[in-house]
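Undergrad: this one's structure only:
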Ligand code: IPE
Ligand code: IPE
Ligand code: MG
């Protein structure tokens, strides 16, 4: 596992709960999907700025396991937006050396979308720049439950001794097994909650809750939050001399 402790440095891994698209659209008298389209356009700018501000891993929350509770129109619109976004951005991201991964449970996603996701992961597998992870049908509790199923199967098959289930071995079963833990979690739109995002992984993350609605979030604001992080004193439970 890569080490996640960086005193006085910038964050290596930033995770973002991109919230506020619906309110942004409603304020303009437009349907919620209009806000989701505006929000999707913001992703590009933030991904591009990662190199400049020294962020090696960016993980973005696009659709939660709870978001299925929304209207069928909004859910279908979001799924179609994801398909279009992937198809449209794949080449540019590859050209910019961005390695793309997806986390979340794919079982409930349609085959066309998961096909595009697989393709994008394969096409960027040898990229060595920024690591972009997109969480679709992702929930922290669901991820831990799915991880525990896999772990239990390994125990049943005699591949894992229950005594070896530790804080080091358990995360190998999570969707994020190849990623370091996030150092900084940003949530836009003024809500101060984590809504089931990266529960295990964010145990010691620093948090920034900003009022900006996601479609108004800029690379400049991102850079400001990244630089604030360097001022935080991360003690990880210890007392620093
Ligand atoms: C975040 O914006 C995007 C998704 C959850 C898909 P919202 O759609 O939650 O926007 P608000 O919170 O209703 O304004
Ligand atoms: C969290 O936002 C999920 C995403 C940003 C994809 P929500 O808008 O779904 O969260 P709640 O409902 O306000 O907690
Ligand atoms: Mg919301």
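TA: Received, thanks. This one's a predicted model, so the numbers in the text were calculated from it and none came from an experiment. Ligands and ions are numbered 1, 2, ... in the order given.

Undergrad: Packing partners of whichever helix or strand residue 224 is part of?
TA: For residue 224, the enclosing helix or strand under DSSP states H and E is helix 219-229. In terms of contacts (3 or more C-beta pairs under 8 Å, 6 or more residues apart in numbering; DSSP states H and E), helix 219-229 is packed against helix 32-53, strand 184-187, strand 206-209. Where C-beta positions appear, they are placed from N, C-alpha and C, glycine not excepted.

Undergrad: Buried residues, stretch 83-98. List them.
TA: Of the residues in stretch 83-98, 83, 85, 86, 89, 90, 93, 94, 96, 98 count as buried by neighbour count, 16 or more other C-beta atoms under 10 Å.

Undergrad: Close to ligand 2: what parts of this protein are there?
TA: Within reach of ligand 2 by C-beta under 6 Å from any ligand atom, the chain has these residues: 17, 18, 19, 61, 62, 63, 64, 66, 67, 191, 193, 195.

Undergrad: Are any of those buried, and if so which?
TA: Buried by 16+ other C-beta under 10 Å: 17, 18, 19, 61, 62, 63, 64, 67, out of the residues of the chain next to ligand 2.

Undergrad: among these, which are in reach of ligand 1?
TA: Subset of these in contact with ligand 1: 18, 19, 63, 67, counting by C-beta under 6 Å from any ligand atom.

Undergrad: Can you tell me the element the residue of the chain found nearest ligand 1 falls in?
TA: Nearest residue of the chain to ligand 1: residue 22, at 2.7 Å (C-beta to the nearest ligand atom). Here residue 22 sits within helix 21-27, counting by DSSP H and E.

Undergrad: re earlier: please flag which of the buried residues of stretch 83-98 sit within strands.
TA: Among those, no member is found in strands (DSSP state E).

Undergrad: Reformat these as a markdown table; add distance to residue 47 and pLDDT.
TA: Formatted as a markdown table, the buried residues of stretch 83-98 follow (distance: C-beta to C-beta, whole Å; pLDDT from 0 to 100):
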| residue | distance to residue 47 | pLDDT |
| --- | --- | --- |
| 83 | 18 | 98 |
| 85 | 12 | 97 |
| 86 | 13 | 97 |
| 89 | 9 | 96 |
| 90 | 13 | 95 |
| 93 | 8 | 97 |
| 94 | 12 | 97 |
| 96 | 8 | 97 |
| 98 | 6 | 98 |
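
Undergrad: Would you mind checking the average pLDDT for stretch 155-168?
TA: In this model, stretch 155-168 carries a mean pLDDT of 98.
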